[in-house]
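> just coords:
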(Lines give C-alpha, C1' and ligand atoms only; values in the text may rest on other atoms or scores of the structure.)
Protein backbone atom coordinates (compact mmCIF):
# COMPACT_ATOMS: atom_id res chain seq x y z
CA UNK A 1 0.00 0.00 0.00
CA UNK A 2 2.70 2.43 1.00
CA UNK A 3 4.74 1.55 -2.07
CA UNK A 4 1.73 2.24 -4.30
CA UNK A 5 1.31 5.65 -2.65
CA UNK A 6 5.01 6.32 -3.24
CA UNK A 7 4.58 5.49 -6.93
CA UNK A 8 1.68 7.94 -7.22
CA UNK A 9 3.72 10.64 -5.50
CA UNK A 10 6.59 10.09 -7.93
CA UNK A 11 4.23 10.26 -10.87
CA UNK A 12 2.75 13.57 -9.73
CA UNK A 13 6.21 14.97 -9.02
CA UNK A 14 7.53 14.10 -12.48
CA UNK A 15 4.40 15.27 -14.28
CA UNK A 16 3.90 18.51 -12.38
CA UNK A 17 4.93 20.67 -15.36
CA UNK A 18 2.45 19.19 -17.77
CA UNK A 19 -0.27 19.18 -15.10
CA UNK A 20 0.16 22.91 -14.50
CA UNK A 21 0.26 23.58 -18.25
CA UNK A 22 -2.96 21.67 -18.87
CA UNK A 23 -4.75 23.41 -15.98
CA UNK A 24 -3.60 26.88 -17.12
CA UNK A 25 -4.70 26.23 -20.68
CA UNK A 26 -8.10 25.08 -19.44
CA UNK A 27 -8.55 28.17 -17.26
CA UNK A 28 -7.56 30.50 -20.13
CA UNK A 29 -9.93 28.73 -22.51
CA UNK A 30 -12.81 29.12 -20.08
CA UNK A 31 -12.01 32.80 -19.49
CA UNK A 32 -11.57 33.49 -23.22
CA UNK A 33 -14.97 32.03 -24.06
CA UNK A 34 -16.77 34.82 -22.19
CA UNK A 35 -18.52 37.61 -24.09
CA UNK A 36 -16.20 40.17 -25.70
CA UNK A 37 -16.48 43.66 -24.20
CA UNK A 38 -18.00 46.16 -26.64
CA UNK A 39 -15.60 48.65 -28.25
CA UNK A 40 -15.75 52.18 -26.81
CA UNK A 41 -17.61 54.59 -29.12
CA UNK A 42 -16.40 58.15 -29.73
CA UNK A 43 -17.90 61.24 -31.36
CA UNK A 44 -16.25 63.59 -33.83
CA UNK A 45 -14.08 66.03 -31.91
CA UNK A 46 -13.51 63.70 -28.95
CA UNK A 47 -9.91 62.78 -28.18
CA UNK A 48 -9.08 59.07 -28.33
CA UNK A 49 -5.99 57.80 -26.54
CA UNK A 50 -4.45 55.22 -28.84
CA UNK A 51 -1.03 54.25 -27.52
CA UNK A 52 1.54 56.23 -29.43
CA UNK A 53 -1.11 58.59 -30.82
CA UNK A 54 -3.94 60.73 -29.62
CA UNK A 55 -6.57 60.78 -32.33
CA UNK A 56 -9.30 63.43 -32.68
CA UNK A 57 -11.63 62.50 -35.55
CA UNK A 58 -13.09 65.38 -37.54
CA UNK A 59 -14.71 64.47 -40.82
CA UNK A 60 -14.80 61.94 -43.61
CA UNK A 61 -15.64 62.30 -47.26
CA UNK A 62 -15.36 60.58 -50.61
CA UNK A 63 -13.79 62.21 -53.63
CA UNK A 64 -13.27 61.33 -57.28
CA UNK A 65 -11.02 64.30 -58.00
CA UNK A 66 -7.74 63.57 -59.80
CA UNK A 67 -5.71 64.60 -56.80
CA UNK A 68 -6.73 64.60 -53.17
CA UNK A 69 -4.17 66.23 -50.88
CA UNK A 70 -1.39 65.19 -53.22
CA UNK A 71 -2.63 61.61 -53.62
CA UNK A 72 -3.35 60.63 -57.20
CA UNK A 73 -6.76 59.10 -57.92
CA UNK A 74 -6.99 57.44 -61.35
CA UNK A 75 -10.20 57.28 -63.41
CA UNK A 76 -12.34 54.42 -62.14
CA UNK A 77 -11.14 54.99 -58.61
CA UNK A 78 -12.43 56.91 -55.64
CA UNK A 79 -10.70 58.20 -52.56
CA UNK A 80 -11.97 57.88 -49.02
CA UNK A 81 -10.56 60.70 -46.91
CA UNK A 82 -10.68 60.78 -43.12
CA UNK A 83 -9.40 63.90 -41.44
CA UNK A 84 -8.15 63.65 -37.88
CA UNK A 85 -5.82 65.45 -35.52
CA UNK A 86 -2.85 63.31 -34.55
CA UNK A 87 -0.79 64.07 -31.47
CA UNK A 88 2.40 62.12 -30.93
CA UNK A 89 2.33 60.91 -27.31
CA UNK A 90 5.65 59.07 -27.54
CA UNK A 91 9.07 60.54 -26.79
CA UNK A 92 10.37 60.69 -30.36
CA UNK A 93 9.30 61.92 -33.77
CA UNK A 94 7.44 59.26 -35.71
CA UNK A 95 5.81 58.31 -39.00
CA UNK A 96 4.21 55.09 -37.77
CA UNK A 97 0.53 56.00 -38.03
CA UNK A 98 -0.62 54.00 -41.08
CA UNK A 99 -2.23 51.27 -39.02
CA UNK A 100 -3.88 53.54 -36.45
CA UNK A 101 -7.18 53.91 -38.33
CA UNK A 102 -9.02 51.01 -39.95
CA UNK A 103 -12.44 51.69 -41.47
CA UNK A 104 -14.97 48.88 -41.42
CA UNK A 105 -14.82 48.06 -45.10
CA UNK A 106 -17.77 46.54 -46.95
CA UNK A 107 -17.32 42.79 -47.42
CA UNK A 108 -14.75 41.89 -50.05
CA UNK A 109 -12.95 45.24 -50.02
CA UNK A 110 -9.26 45.12 -49.17
CA UNK A 111 -7.66 48.47 -49.93
CA UNK A 112 -3.96 49.12 -49.60
CA UNK A 113 -2.41 51.07 -46.78
CA UNK A 114 -3.58 54.68 -46.70
CA UNK A 115 -1.54 57.67 -47.75
CA UNK A 116 -1.33 60.20 -44.96
CA UNK A 117 -1.02 63.91 -45.71
CA UNK A 118 -0.18 66.76 -43.35
CA UNK A 119 -2.75 69.54 -43.83
CA UNK A 120 -0.55 72.51 -43.03
CA UNK A 121 0.64 74.94 -45.71
CA UNK A 122 0.92 72.74 -48.81
CA UNK A 123 -0.27 69.20 -48.04
CA UNK A 124 2.74 66.97 -47.47
CA UNK A 125 2.68 63.17 -47.70
CA UNK A 126 4.16 60.88 -45.03
CA UNK A 127 4.88 63.75 -42.63
CA UNK A 128 7.08 63.31 -39.62
CA UNK A 129 5.02 64.08 -36.50
CA UNK A 130 6.87 65.37 -33.46
CA UNK A 131 6.23 64.69 -29.76
CA UNK A 132 3.46 66.74 -28.22
CA UNK A 133 2.69 68.74 -31.36
CA UNK A 134 -0.84 67.98 -32.63
CA UNK A 135 -1.34 68.30 -36.38
CA UNK A 136 -4.33 67.91 -38.70
CA UNK A 137 -3.75 65.05 -41.13
CA UNK A 138 -5.82 63.29 -43.78
CA UNK A 139 -5.83 59.53 -44.30
CA UNK A 140 -6.53 58.81 -47.96
CA UNK A 141 -7.51 55.33 -49.12
CA UNK A 142 -7.81 54.78 -52.87
CA UNK A 143 -10.58 52.30 -53.75
CA UNK A 144 -12.14 51.03 -56.96
CA UNK A 145 -15.21 53.01 -58.08
CA UNK A 146 -17.38 49.93 -57.76
CA UNK A 147 -17.15 49.82 -53.98
CA UNK A 148 -20.24 51.32 -52.35
CA UNK A 149 -19.41 52.91 -49.02
CA UNK A 150 -22.11 53.25 -46.36
CA UNK A 151 -23.65 56.62 -45.39
CA UNK A 152 -22.10 56.38 -41.96
CA UNK A 153 -18.70 54.77 -41.80
CA UNK A 154 -17.47 53.19 -38.56
CA UNK A 155 -13.70 53.42 -38.12
CA UNK A 156 -11.66 51.35 -35.69
CA UNK A 157 -8.86 53.05 -33.79
CA UNK A 158 -5.92 50.75 -33.17
CA UNK A 159 -3.35 51.27 -30.42
CA UNK A 160 -0.04 49.62 -29.72
CA UNK A 161 1.34 48.99 -26.24
CA UNK A 162 4.65 50.42 -25.09
CA UNK A 163 7.33 48.12 -23.74
CA UNK A 164 10.25 49.87 -22.09
CA UNK A 165 12.80 47.38 -23.34
CA UNK A 166 12.60 44.36 -25.58
CA UNK A 167 14.22 41.16 -24.39
CA UNK A 168 16.92 40.97 -27.03
CA UNK A 169 18.39 44.44 -27.46
CA UNK A 170 16.95 46.27 -24.47
CA UNK A 171 15.49 48.98 -26.70
CA UNK A 172 12.00 50.49 -26.37
CA UNK A 173 9.30 48.78 -28.36
CA UNK A 174 5.73 49.42 -29.47
CA UNK A 175 3.88 46.17 -29.86
CA UNK A 176 0.61 44.24 -29.68
CA UNK A 177 -1.87 46.28 -31.80
CA UNK A 178 -5.40 46.27 -30.38
CA UNK A 179 -8.67 48.02 -31.19
CA UNK A 180 -9.23 50.61 -28.43
CA UNK A 181 -12.17 52.53 -29.81
CA UNK A 182 -14.42 53.26 -32.70
CA UNK A 183 -15.87 56.42 -34.20
CA UNK A 184 -18.54 56.79 -36.83
CA UNK A 185 -18.55 59.70 -39.24
CA UNK A 186 -21.14 60.61 -41.87
CA UNK A 187 -19.59 60.37 -45.35
CA UNK A 188 -19.71 63.57 -47.38
CA UNK A 189 -19.13 63.72 -51.11
CA UNK A 190 -16.73 66.30 -52.48
CA UNK A 191 -16.96 67.14 -56.17
CA UNK A 192 -15.17 70.49 -56.22
CA UNK A 193 -11.42 70.65 -55.67
CA UNK A 194 -10.90 70.35 -51.99
CA UNK A 195 -8.36 72.82 -50.78
CA UNK A 196 -8.22 75.08 -47.78
CA UNK A 197 -10.00 74.18 -44.59
CA UNK A 198 -6.58 73.47 -43.15
CA UNK A 199 -5.39 75.06 -39.97
CA UNK A 200 -3.51 78.22 -40.79
CA UNK A 201 -2.13 79.43 -37.50
CA UNK A 202 -0.38 78.01 -34.48
CA UNK A 203 -3.47 76.43 -32.96
CA UNK A 204 -4.42 73.63 -35.31
CA UNK A 205 -7.07 71.77 -33.44
CA UNK A 206 -8.10 73.26 -30.16
CA UNK A 207 -10.78 75.62 -31.37
CA UNK A 208 -12.23 73.40 -34.06
CA UNK A 209 -15.87 72.79 -33.23
CA UNK A 210 -17.10 69.29 -33.87
CA UNK A 211 -20.08 70.51 -35.86
CA UNK A 212 -18.06 72.14 -38.61
CA UNK A 213 -16.11 68.94 -38.89
CA UNK A 214 -19.05 67.09 -40.30
CA UNK A 215 -20.80 69.55 -42.54
CA UNK A 216 -17.97 70.29 -44.91
CA UNK A 217 -18.03 68.64 -48.30
CA UNK A 218 -21.51 67.19 -48.02
CA UNK B 1 16.96 23.37 13.13
CA UNK B 2 19.96 25.63 13.03
CA UNK B 3 21.23 23.95 9.91
CA UNK B 4 17.84 24.43 8.21
CA UNK B 5 17.84 28.11 9.05
CA UNK B 6 21.33 28.44 7.64
CA UNK B 7 20.26 26.76 4.40
CA UNK B 8 17.25 29.05 4.15
CA UNK B 9 19.43 32.11 4.72
CA UNK B 10 21.83 30.91 2.05
CA UNK B 11 19.01 30.51 -0.46
CA UNK B 12 17.71 34.00 0.28
CA UNK B 13 21.18 35.52 -0.06
CA UNK B 14 21.74 33.67 -3.33
CA UNK B 15 18.42 34.97 -4.68
CA UNK B 16 19.29 38.55 -3.74
CA UNK B 17 22.74 38.31 -5.32
CA UNK B 18 21.34 36.80 -8.52
CA UNK B 19 18.63 39.45 -8.74
CA UNK B 20 21.20 42.21 -8.27
CA UNK B 21 23.41 40.70 -10.95
CA UNK B 22 20.50 40.38 -13.36
CA UNK B 23 19.48 44.00 -12.79
CA UNK B 24 22.98 45.46 -13.07
CA UNK B 25 23.95 43.65 -16.27
CA UNK B 26 24.12 46.10 -19.13
CA UNK B 27 21.89 45.42 -22.10
CA UNK B 28 23.40 44.62 -25.47
CA UNK B 29 22.19 47.99 -26.71
CA UNK B 30 24.01 49.82 -23.93
CA UNK B 31 27.17 47.74 -24.20
CA UNK B 32 27.58 48.39 -27.91
CA UNK B 33 25.89 51.79 -28.14
CA UNK B 34 27.20 55.21 -29.03
CA UNK B 35 29.99 56.92 -27.11
CA UNK B 36 28.76 60.44 -26.34
CA UNK B 37 31.24 63.28 -26.87
CA UNK B 38 29.91 66.22 -24.88
CA UNK B 39 30.43 69.89 -25.51
CA UNK B 40 28.88 73.34 -25.36
CA UNK B 41 28.09 76.07 -27.84
CA UNK B 42 30.98 78.13 -29.29
CA UNK B 43 33.35 75.30 -28.43
CA UNK B 44 34.96 72.96 -30.97
CA UNK B 45 33.99 69.34 -30.39
CA UNK B 46 36.09 66.61 -32.03
CA UNK B 47 34.93 63.14 -32.90
CA UNK B 48 36.60 60.33 -34.80
CA UNK B 49 35.25 61.49 -38.15
CA UNK B 50 34.50 65.20 -37.88
CA UNK B 51 34.77 68.42 -35.88
CA UNK B 52 31.75 70.57 -35.07
CA UNK B 53 31.29 73.96 -33.46
CA UNK B 54 27.77 75.25 -32.86
CA UNK B 55 27.57 78.99 -33.32
CA UNK B 56 23.98 80.01 -33.20
CA UNK B 57 20.44 78.98 -32.42
CA UNK B 58 17.52 80.89 -33.91
CA UNK B 59 13.84 80.51 -33.12
CA UNK B 60 11.08 81.52 -35.50
CA UNK B 61 7.36 81.18 -35.96
CA UNK B 62 7.69 80.73 -39.72
CA UNK B 63 10.30 79.52 -42.16
CA UNK B 64 10.69 81.10 -45.60
CA UNK B 65 12.17 78.96 -48.32
CA UNK B 66 12.62 79.49 -52.04
CA UNK B 67 12.80 76.21 -53.91
CA UNK B 68 12.67 75.73 -57.70
CA UNK B 69 11.77 79.42 -58.06
CA UNK B 70 8.76 78.98 -55.80
CA UNK B 71 8.51 80.95 -52.58
CA UNK B 72 7.17 78.95 -49.71
CA UNK B 73 6.37 79.78 -46.12
CA UNK B 74 6.14 76.98 -43.58
CA UNK B 75 4.18 77.39 -40.38
CA UNK B 76 4.26 75.04 -37.41
CA UNK B 77 2.13 74.19 -34.41
CA UNK B 78 5.16 74.88 -32.19
CA UNK B 79 8.38 76.72 -32.87
CA UNK B 80 10.98 76.49 -35.59
CA UNK B 81 14.54 76.11 -34.32
CA UNK B 82 17.54 76.59 -36.61
CA UNK B 83 20.95 75.51 -35.32
CA UNK B 84 23.95 76.83 -37.23
CA UNK B 85 27.34 75.13 -36.91
CA UNK B 86 30.72 74.93 -38.60
CA UNK B 87 31.75 71.43 -39.56
CA UNK B 88 34.93 69.84 -40.94
CA UNK B 89 35.77 66.26 -41.77
CA UNK B 90 38.96 64.95 -40.20
CA UNK B 91 40.62 62.39 -42.45
CA UNK B 92 38.16 61.45 -45.19
CA UNK B 93 35.11 62.89 -46.93
CA UNK B 94 31.85 61.97 -45.27
CA UNK B 95 28.28 63.15 -44.79
CA UNK B 96 26.25 64.23 -41.79
CA UNK B 97 22.86 62.59 -42.19
CA UNK B 98 21.16 62.95 -38.83
CA UNK B 99 20.60 65.51 -36.14
CA UNK B 100 18.30 65.49 -33.12
CA UNK B 101 17.00 68.09 -30.72
CA UNK B 102 16.81 66.38 -27.33
CA UNK B 103 14.51 68.34 -25.05
CA UNK B 104 15.15 68.77 -21.31
CA UNK B 105 12.84 65.86 -20.42
CA UNK B 106 14.28 63.56 -23.06
CA UNK B 107 11.78 64.16 -25.87
CA UNK B 108 13.67 63.58 -29.10
CA UNK B 109 12.81 65.79 -32.08
CA UNK B 110 14.06 64.62 -35.45
CA UNK B 111 15.09 67.04 -38.17
CA UNK B 112 12.06 68.59 -39.81
CA UNK B 113 11.12 67.03 -43.12
CA UNK B 114 8.89 69.86 -44.28
CA UNK B 115 11.32 71.67 -46.60
CA UNK B 116 12.64 69.74 -49.62
CA UNK B 117 16.45 69.66 -49.92
CA UNK B 118 17.17 72.86 -48.01
CA UNK B 119 20.72 74.14 -48.61
CA UNK B 120 23.43 73.44 -46.02
CA UNK B 121 21.19 70.98 -44.21
CA UNK B 122 21.59 67.23 -43.82
CA UNK B 123 22.88 65.45 -45.76
CA UNK B 124 25.83 67.80 -45.26
CA UNK B 125 28.85 66.66 -47.25
CA UNK B 126 32.13 67.32 -45.46
CA UNK B 127 35.67 67.19 -46.77
CA UNK B 128 38.85 67.07 -44.71
CA UNK B 129 40.37 70.44 -44.00
CA UNK B 130 37.53 72.41 -45.59
CA UNK B 131 35.32 73.93 -42.89
CA UNK B 132 31.76 74.63 -43.99
CA UNK B 133 28.53 75.88 -42.51
CA UNK B 134 25.87 73.34 -41.76
CA UNK B 135 22.41 73.95 -40.36
CA UNK B 136 19.85 71.81 -38.61
CA UNK B 137 16.15 72.63 -38.81
CA UNK B 138 13.73 71.44 -36.14
CA UNK B 139 10.08 71.83 -35.25
CA UNK B 140 9.83 71.77 -31.47
CA UNK B 141 7.30 72.40 -28.78
CA UNK B 142 7.99 75.82 -27.21
CA UNK B 143 8.64 74.34 -23.75
CA UNK B 144 11.44 72.19 -25.20
CA UNK B 145 13.57 75.18 -26.20
CA UNK B 146 15.52 75.70 -22.98
CA UNK B 147 17.99 73.13 -21.66
CA UNK B 148 18.10 71.17 -24.90
CA UNK B 149 20.92 69.15 -26.45
CA UNK B 150 21.88 68.87 -30.12
CA UNK B 151 22.77 65.28 -31.01
CA UNK B 152 24.61 64.69 -34.29
CA UNK B 153 26.02 61.59 -35.86
CA UNK B 154 27.53 60.89 -39.26
CA UNK B 155 26.02 58.52 -41.86
CA UNK B 156 22.57 57.02 -41.45
CA UNK B 157 22.46 54.42 -38.72
CA UNK B 158 22.96 55.11 -35.01
CA UNK B 159 26.65 54.76 -34.17
CA UNK B 160 27.74 51.52 -32.52
CA UNK B 161 30.85 51.86 -30.36
CA UNK B 162 31.54 55.13 -32.12
CA UNK B 163 31.36 58.81 -31.31
CA UNK B 164 28.09 60.73 -31.11
CA UNK B 165 28.13 64.48 -30.52
CA UNK B 166 26.02 65.91 -27.67
CA UNK B 167 26.17 69.69 -27.58
CA UNK B 168 24.37 71.57 -24.81
CA UNK B 169 22.48 74.46 -26.39
CA UNK B 170 23.18 76.94 -23.61
CA UNK B 171 23.45 80.25 -25.46
CA UNK B 172 19.93 80.90 -26.71
CA UNK B 173 18.79 84.22 -28.15
CA UNK B 174 17.13 86.26 -25.39
CA UNK B 175 15.29 89.54 -25.34
CA UNK B 176 16.28 92.28 -22.88
CA UNK B 177 13.94 90.91 -20.19
CA UNK B 178 15.27 87.36 -20.45
CA UNK B 179 12.48 85.91 -22.55
CA UNK B 180 13.29 83.65 -25.49
CA UNK B 181 13.72 85.79 -28.62
CA UNK B 182 11.47 84.39 -31.32
CA UNK B 183 11.64 85.91 -34.78
CA UNK B 184 8.65 86.04 -37.07
CA UNK B 185 10.34 84.60 -40.16
CA UNK B 186 13.74 83.02 -40.79
CA UNK B 187 14.80 82.28 -44.34
CA UNK B 188 16.67 79.03 -44.83
CA UNK B 189 18.09 79.94 -48.21
CA UNK B 190 21.06 81.82 -46.81
CA UNK B 191 23.33 81.00 -43.89
CA UNK B 192 22.67 84.32 -42.15
CA UNK B 193 18.93 83.76 -42.17
CA UNK B 194 18.23 86.99 -44.03
CA UNK B 195 15.59 87.09 -46.72
CA UNK B 196 16.73 87.74 -50.22
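Ah, there it is. Model, not experiment: these values are computed from the prediction. Numbers count the residues shown, from 1 in each chain, chains lettered A, B, ... in the order given.
> give the contact list for the spatially closest residue to residue B:49 that is not a sequence neighbour.
For residue B:49, ignoring the flanking residues on the chain, the nearest one in space by CB to CB, 6 or more residues apart in numbering or on different chains is residue B:154 at 5.1 Å. Just so you know, the C-beta spots here come from the backbone N, C-alpha and C atoms, and that holds for glycine as well. With contact set as CB atoms under 8 Å, 6 or more residues apart in numbering or on different chains, residue B:154 has these partners: B:47, B:49, B:50, B:94, B:95, B:96, B:97.
> one more time with 10 Å
Counting by CB atoms under 10 Å, 6 or more residues apart in numbering or on different chains, residue B:154 makes contact with B:47-50, B:87, B:89, B:94-98, B:123-124, B:126, B:162-165.
> now do residue B:49
By CB under 10 Å, 6+ apart, the neighbours of residue B:49 are B:89-92, B:94, B:96, B:126, B:128, B:153-155, B:159, B:162-163.
> whichever residue of chain B sits closest to chain A: neighbouring residues, count only.
Per CB to the nearest CB, residue B:27 is where chain B lies closest to chain A, at 2.7 Å. Counted with other CB atoms under 10 Å in any protein chain shown, the burial measure for residue B:27 works out to 15 neighbours.
> local confidence estimate at the nearest residue to it once chain neighbours are set aside?
Once its chain neighbours are removed from consideration, residue B:27 has its nearest residue in residue A:170; the separation is 2.7 Å (CB to CB, 6+ apart). Model confidence at residue A:170, given as pLDDT, is 77.
> tell me if residue A:170 really is in a strand.
No - using DSSP: H, G, I helix; E, B strand; the rest coil, the secondary structure at residue A:170 is coil, not a strand.
> tally of neighbours for it?
If we define neighbours as other CB under 10 Å, then residue A:170 has 17 of them.
> now residue B:139
Number of residues near residue B:139 (other CB under 10 Å) recorded here: 26.
> cool, and the one 5 residues further on?
Taking other CB under 10 Å as the neighbour definition, residue B:144 ends up with a count of 24.
> so who does it touch?
When the contact criterion is CB under 10 Å, 6+ apart, the partners of residue B:144 are A:130-133, B:78-79, B:81, B:101-105, B:107-109, B:138.
> now do residue B:26
When contacts are counted by CB under 10 Å, 6+ apart, residue B:26 touches A:170, B:32, B:33.
> just put the residues you listed in a markdown table and tack on distance to residue A:41.
Rendered in a markdown table, the data for these read as follows (distance: CB to CB, whole Å):
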| residue | distance to residue A:41 |
| --- | --- |
| A:170 | 39 |
| B:32 | 47 |
| B:33 | 44 |
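> closest to residue B:11 among these?
When the contacts of residue B:26 are compared for distance to residue B:11, the smallest value, 28.8 Å, is given by residue A:170; criterion: CB to CB.
> show me what contacts the closest one?
In this structure, residue A:170 makes contact with A:164, B:25, B:26, B:27, B:28, B:29, B:30, B:31, B:33, judged by CB under 10 Å, 6+ apart.
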